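no FASTA, just this:
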């Protein structure tokens with residue numbers, strides 16, 4: 001069993017105390033008394049736990065991700081699709097056959113969620129619009145969503161997206177957009193259309209700005225302040241109440257661009273963790289839905305003793321209820337690949353066809369439980385593994401990013417429920433990850449070194465301060 005001894009610090013009294021955390025059943029107890037740090041409610045029965053491995057077959061579908069194609073009018077620095085080979089373009093002529101054929105493979109409750117994916121999905125507007133109409137006619141209770149860079153929006157598209165109940169996530173990194181790619185807010189027409197759509201959808205809870213954290217954009221607080229300032233000055237102070245920031249995690253590395261914006265050495269790990277922990281404790285990242293979601297879910301896991309085998313993969317694509325398809329009916333590992341692409345080991349991402357969903361099997365990825373380090377990692381209950389099809393250097397970089405991100409959230413939640421902030425984790429896992437902030441033993445002799453030099457990135461030192469508790473919200 002992966003048990004960990006957490007050395008924790010009370011910043012108000014200066015007192016240190018230890019806890020025992022068992023990630024396999026998500027229990028947290030004081031070491032000196034053996035008492036639980038947080039009251040348990042309904043503890044999971046191991047006999048009733050569904051083991052969440054890479055499930056074979058798809059069925060009882062709830063979330064259908066439709067990959068329209070990988071073309072995009074932008075080229076962003078860490079895009080997960082930049083070097084993915086493109087399949088033959090799908091188009092509106094395939095819509096009727098695709099929708100009619102759904103009778104042969106969609107057996108749900110009539111309330112599916114359809115997500116429309118690119119590249120940039122609005123590049124495929126001539127296909128997306130009639131496809132959405134056909135699907136809504138067939139499944140009136142369906143919900144629809146899309147992530148877009150926003151640059152191709154206009155009034156007609158906004159009218160349609162509002163009428164058909166779309167939820168929109170607009171990708172923009174705020175303070176870090178210049179490191180990501182073009183900025184649609186610098187184009188007056190795009191800016192006006194984005195603002196128009198926000199005014200329509202945000203009050204209905206159907207629009208967010210989606211930002212990612214990376215080496216050149218490490219401050220959630222700065223991102224939040226940027227968007228608050230933008231909404232207040234450009235849209236109106238009355239709309240601040242509707243501002244939410246989605247995605248919000250540290251990037252995975254899919255290519256050289258992702259590596260260049262990852263935490264590739266120990267010093268960068270610590271710089272990021274200190275800044276992230278400080279901002280979490282100040283509660284200056286409250287508009288990031290990911291932060292609140294992870295805090296609530298981890299607290300729930302502690303109260304229910306969530307058994308680790310029940311954890312699905314982070315992306316959810318290992319589950320039967322989620323599927324990614326193209327208009328040819330090809331089933332894909334996920335929406336970020338094509339039927340002619342392969343994973344880093346050369347295995348095809350074309351994993352089956354909708355007419356044979358029971359035989360679909362993801363062989364392109366590795367479930368977190370089958371990786372050597374994940375099952376014995378102290379943050380697995382929050383992380384749920386990085387991208388399932390990454391391997392080698394890309395996997396290592398993504399894992400390092402995910403650990404630094406999730407360990408600060410682990411510390412923040414434990415502090416919020418106990419008043420004691422973890423600074424060291426002892427257990428059977430990587431030695432270089434134990435002294436979380438180099439606060440107990442200082443900088444180690446053998447620091448993981450970065451192979452690259454980032455001359456334009458100079459993070460500032462941050463002091464960790466107190467934040468308000470999640471307990472009253474949970």
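Structure's in. What do you need? Being a predicted model, the structure only gives us computed values, none of them experimental.

residues of stretch 277-291 that come out buried?
Of all the residues in stretch 277-291, those buried under the rule 16 or more other Cβ atoms under 10 Å are 277-288, 290-291. Where C-beta positions appear, they are placed from N, C-alpha and C, glycine not excepted.

all strands for the stretch 151-300 of the chain, in order.
Here the stretch 151-300 of the chain has its strands, by DSSP state E, counting those that start in this stretch, at 166-171, 207-213, 245-250.

Need the winner for burial among these.
strand 207-213 (a mean of 24; mean count of other Cβ atoms under 10 Å).

what's the angle from it to strand 245-250?
10 degrees (axes from the mean of the first three to the mean of the last three Cα atoms, to 10 degrees).

low-scoring pLDDT stretches of the chain, where are they?
Scanning the chain for pLDDT under 70 picks out 1, 41-52, 450-474.

mind checking the longest helix of it?
Identified as the longest helix of the chain according to DSSP state H is helix 392-418.

which element follows it toward the C-terminus?
Going down the chain from helix 392-418, the next helix or strand is strand 421-426, by DSSP states H and E.

Can you list the buried residues in that following strand?
421-425.

so which of the residues you listed comes closest to residue 191?
Using Cβ to Cβ, residue 421 is the member of the buried residues of strand 421-426 that lies nearest residue 191, at 41.4 Å.

what's the longest helix of the chain packed up against?
The elements that helix 392-418 packs onto, with contact taken as 3 or more Cβ pairs under 8 Å, 6 or more residues apart in numbering; DSSP states H and E, are strand 3-9, strand 245-250, helix 256-260, helix 266-282, helix 289-304, helix 380-383, strand 421-426.

Give me the distance from that helix to the chain's centre.
12 Å (Cα atoms, centre = their mean, to the nearest Å).

same thing with stretch 139-150?
18 Å.

got the end-to-end distance for that stretch?
27 Å (Cα to Cα, to the nearest Å).

which element is residue 129 on?
helix 125-138.

residues in contact with the helix or strand just after that helix?
Of the helices and strands lying after helix 125-138 in sequence (DSSP H and E), the nearest is strand 143-148. When contacts are defined by Cβ atoms under 8 Å, 6 or more residues apart in numbering, strand 143-148 is touched by residues 111-117, 120-122, 128, 132, 135-136, 161, 164-171, 210.

which residues sit against stretch 420-436?
Under Cβ under 8 Å, 6+ apart, the answer for stretch 420-436 is 2-11, 17, 19, 266, 273, 277, 281, 373, 376-378, 403, 407, 410-411, 414-415, 437, 439-441, 444, 446-448, 464.

From these, list just the buried residues.
Using 16+ other Cβ under 10 Å, the buried members of these are 2-4, 6-9, 17, 19, 266, 273, 277, 281, 376-378, 403, 407, 410-411, 414-415, 437, 448, 464.

so residue 299 makes contact with residue 38?
Yes. Using Cβ atoms under 8 Å, residue 299 makes contact with residue 38 at a distance of 7.0 Å.

what residues do those two have in common as contacts?
residue 417.

State the three-state secondary structure for the residue nearest to residue 332 when sequence neighbours are not counted.
Leaving aside its sequence neighbours, residue 332 sits nearest to residue 324 (Cβ to Cβ, 6 or more residues apart in numbering; 4.4 Å). Here residue 324 is strand, with the state taken from DSSP: H, G, I helix; E, B strand; the rest coil.

ok, now how distant is residue 324 from residue 129?
In this view, residue 324 and residue 129 are 21 Å apart by Cβ to Cβ, to the nearest Å.

Show me which of these two is the more surrounded one.
residue 324 (23 against 18; other Cβ atoms under 10 Å).

Distance of the more buried one relative to residue 74?
21 Å.

I'd like the distance between residue 362 and residue 144.
25 Å.

So for those two, which sits in the more crowded spot?
Set residue 362 next to residue 144 and count neighbours by other Cβ under 10 Å: residue 362 wins out with 25 against 22.

Next, the contact list for residue 446, please.
Residue 446 neighbours (Cβ under 8 Å, 6+ apart): residue 432.

hmm, try it at 6 Å
With contact set as Cβ atoms under 6 Å, 6 or more residues apart in numbering, residue 446 has no partners.

and it, that one's in a strand?
No. Per three-state DSSP, residue 446 lies outside any strand segment and is coil.

What separation do you get for it and residue 266?
9 Å.

need the strands for the stretch 1-150 of the chain, in chain order.
3-9, 16-22, 27-30, 63-67, 113-117, 143-148.

So residue 208 is in contact with residue 169, correct?
Yes. Using Cβ atoms under 6 Å, residue 208 is in contact with residue 169, at 5.2 Å.

what residues do those two have in common as contacts?
Common neighbours of residue 208 and residue 169 (Cβ under 6 Å, 6+ apart) are residue 246.

can you count the residues close to the nearest residue to residue 131 once chain neighbours are set aside?
Distances taken as Cβ to Cβ, 6+ apart put residue 95 closest to residue 131, at 5.0 Å, once the chain neighbours are dropped. Residue 95: 19 surrounding residues under other Cβ under 10 Å.
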